[in-house]
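*Asks:* Fold the following, please.
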Amino acid sequence: MEPYNVNLWVKSEPFIVGALPIPPPSKFSMYYLRKMATYVRTRADDGCYPKLFWPLWKHIACGKLQLAEDLAWLYFETFDSLVERTSQERLERAEAMSNCTSNEEMEKLKNKMSVDTLQFLLFLYIQQLNKVSLRTSLIGEEWPSPRAKSPSPDLDGKANSQNKNWDDQAHLSFVQTHLSDLLELLLDPEQLTASSHTVHDSLLSPDAVKSLGLLIEGSIDRNRSVDSFFSLAIWQPLRAKSGYSKLSNMFSFNILHSWLKNTLGLNPFGMSACLKFGKKLAWAQQVEGTTKRAKIACNTHMAPEAHKILIMTQVYKETVAKSSERLVGAHVKLHRCCDSYVYLLSPLRSVTIDKCRNSTFVLGPVQATVNIHGSDNVKVIAVCHRLTASSSVMCTFHTLTPTRPVILSGNENLTFAPFNTHYPTLEDHMAWTGLATVPNYWNHPMCLGTENSGEKLFHLLAPREFHIFTVPFEMEGDTTEIPGGLPLPYEKALSRQKQKLEMWQKMMKEAGLSNEQKYYFQKLVEKEFHQWLIETGHRQELDNLIPTAASSKQTAG
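*Replies:* Numbering: from 1, shown residues only. Okay, here's the model as predicted:
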């Protein structure tokens, strides 16, 4: 019996953050990516390999793969966001971008950016996760694969065949099904036949196997710690299984392929494990008379730092408020929330808002992406690296973001507005995520995969309709105003609102009403105000903010 038990699994983050929720370009097929893999190696001296610089990727993407430059940059920059960096490094880049005073200066800065070539090839390949096949469009779901087990259940118990970015079973099935292609992309050209296929003794270089670390990792101590795939592959007791030869310093393609095929399993820190083994939480403050059904689970009690997940589903007519170390750096999924208010006031890694209605989400700074899918009449308030929206209607986004928001297919009547809130620890949380106040492209969304013109899909909030959103909780910290301030038209609109209030107060003071008249007038105003609260739904919001003894302890716990 072996003294160790090696587990290998497919990482979630490249799919949650990296796989864009749109069908990939047709030329992201294996045929073209194999050509690209050969091309970059022959242009190594020009800035293609082992690092691929932006000008060369732009040349390949626009000239050979026929992508628009905006889309080419989106893929390049999305992959770059997966690269592990310190907060200081992220802030330094943000500062460099903010110092650019023209498009030419910005382009010069972008020309200095590079990505790992082999990992970028793998990244481009996994965009096929969201490929729409003819079979799918005709029958509404994927045909069963002899390799694949039944798909992971959606959070409400139904099979989920559409949104695969969080489906760890789909990630595993994808990598297992396409493992040969993924490994072939990493082979040096001389290891392939003239028809670009492997030979029986094809060898993979250490750099090629290191690049698999984008998608695969593992453990030898029952998942108490996580090891890089490369460190496991060259570990002495596993060399026979991984096909590594210390003499040649190469890996056998066939042996490595067989080991991965037989060993890869479900991510022990993915969504399925979180739902099955994660800690169930009771964060919701509920309105009296509603049927409690919210389900909140997290794996932070057992997951390493980079693997935190929080899942919140079926929050109905409730307020959820949390600022906690448990949330720091977590991937969050908010699913089927309805008529609710959710405050997650900690620095987060990514947030997915899926199939939610009539709800408001106030988020701490999000280091990667806020993705809104299949939602109706939701308001999102967040500082984030990127925001994407798909298949959503009548949603409003108050954002501070250094990248252009991405409008994908299926959207209607989206509203973009400046970030409009603050809480005491916001700037500390922004520093943790490496997000700065400039540049800020909240008002420059880009439309991808849409047939309608941008004007029909979205508009910018009119300054006269803009209001500050107040976070209704007491917290300790130094932030006392909106980071970066407001655009001038919105600042002026707030000044006019303040002037109207002052004029009203002055008019009331000068009206000369008797005490009895003041009393009846106050009662009339209160009556109209309470009626307005009920009609707008704000009464429920206020009722939900009255803490119970248990919930008041949970908010900061």
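*Asks:* can we go C-alpha only for contacts and neighbour counts from here?
*Replies:* Noted.
*Asks:* Could you point out which residue ranges in the stretch 451-557 of the chain have low pLDDT?
*Replies:* 451-455, 541, 544-557 (pLDDT under 70).
*Asks:* If we use 90, what do you get?
*Replies:* 451-456, 474, 497-557 (pLDDT under 90).
*Asks:* Show the residue spans covered by the strands in it.
*Replies:* Secondary structure of the stretch 451-557 of the chain (DSSP state E, counting those that start in this stretch): strands at 458-460.
*Asks:* can you pull out the helices in it?
*Replies:* Using DSSP state H, counting those that start in this stretch, the helices found in the stretch 451-557 of the chain span residues 454-457, 488-510, 515-536, 538-544, 549-554.
*Asks:* As CSV, the ones you listed with distance to P347 and mean neighbour count would be great.
*Replies:* Output for these, formatted as CSV (distance: least, C-alpha to C-alpha, whole Å; neighbours: other C-alpha atoms under 10 Å):
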stretch, distance to P347, mean neighbour count
helix 454-457, 30, 14
helix 488-510, 27, 13
helix 515-536, 31, 12
helix 538-544, 24, 16
helix 549-554, 18, 14
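*Asks:* Can you say which of those helices is nearest to Y244?
*Replies:* Between Y244 and the helices of the stretch 451-557 of the chain, the tightest spacing by C-alpha to C-alpha is seen for helix 549-554, at 50.5 Å.
*Asks:* one step back: can I get the helices of the stretch 451-557 of the chain in CSV with distance to F123?
*Replies:* As requested, those are exported to CSV (distance: least, C-alpha to C-alpha, whole Å):
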stretch, distance to F123
helix 454-457, 28
helix 488-510, 40
helix 515-536, 45
helix 538-544, 42
helix 549-554, 39
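*Asks:* Centroid-nearest residue for the protein?
*Replies:* Closest residue to the average C-alpha location of the chain: T369 at 3.1 Å, with C-alpha atoms, centre = their mean.
*Asks:* that older thread, among the helices of the stretch 451-557 of the chain, single out whichever gets nearest to I311.
*Replies:* helix 549-554 (16.9 Å).
*Asks:* hmm, back to that, now do the contacts for the residue nearest to the centre of the chain.
*Replies:* Listed by C-alpha atoms under 8 Å, 6 or more residues apart in numbering, the contact set of T369 reads 17, 349-351, 384-388.
*Asks:* Just among these, which is most surrounded?
*Replies:* Highest neighbour count within the contacts of T369: C384, with 29 neighbours (other C-alpha atoms under 10 Å).
*Asks:* And the residue lying closest to A44 once chain neighbours are set aside, how close does it get to G410?
*Replies:* Once flanking residues are discounted, A44 sits nearest to P50: 6.9 Å by C-alpha to C-alpha, 6 or more residues apart in numbering. Using C-alpha to C-alpha, to the nearest Å, P50 is found at 38 Å from G410.
*Asks:* And V115, by the same measure?
*Replies:* 31 Å.
*Asks:* again with S323
*Replies:* According to C-alpha to C-alpha, S323 and G410 sit 33 Å apart.
*Asks:* what about those two, which has more around it?
*Replies:* When S323 and G410 are compared on other C-alpha under 10 Å, the one with more neighbours turns out to be S323, at 20 against 17.
*Asks:* Nearest residue to that one in space, please, no chain neighbours.
*Replies:* Closest to S323 by C-alpha to C-alpha, 6+ apart is L345, at 4.7 Å.
*Asks:* so what's the backbone phi/psi at the one you found?
*Replies:* The phi/psi pair for L345 (degrees, to the nearest 10) reads phi -100, psi 60.
*Asks:* go on, C338?
*Replies:* phi -140, psi 130.
*Asks:* That one: neighbour count?
*Replies:* By other C-alpha under 10 Å, neighbour count at C338 equals 22.
*Asks:* which residues touch it?
*Replies:* Residues in contact with C338 (C-alpha under 8 Å, 6+ apart) are 314-317, 356-359.
*Asks:* Tell me the pLDDT of the closest residue to L203 other than its chain neighbours.
*Replies:* Spatial nearest neighbour of L203, chain neighbours left out: S252 (4.8 Å); criterion: C-alpha to C-alpha, 6+ apart. We have a pLDDT of 96 for S252.
*Asks:* Also T290?
*Replies:* Value listed for T290 in the pLDDT field: 51.
*Asks:* L247 now?
*Replies:* On the pLDDT scale, L247 gets 96.
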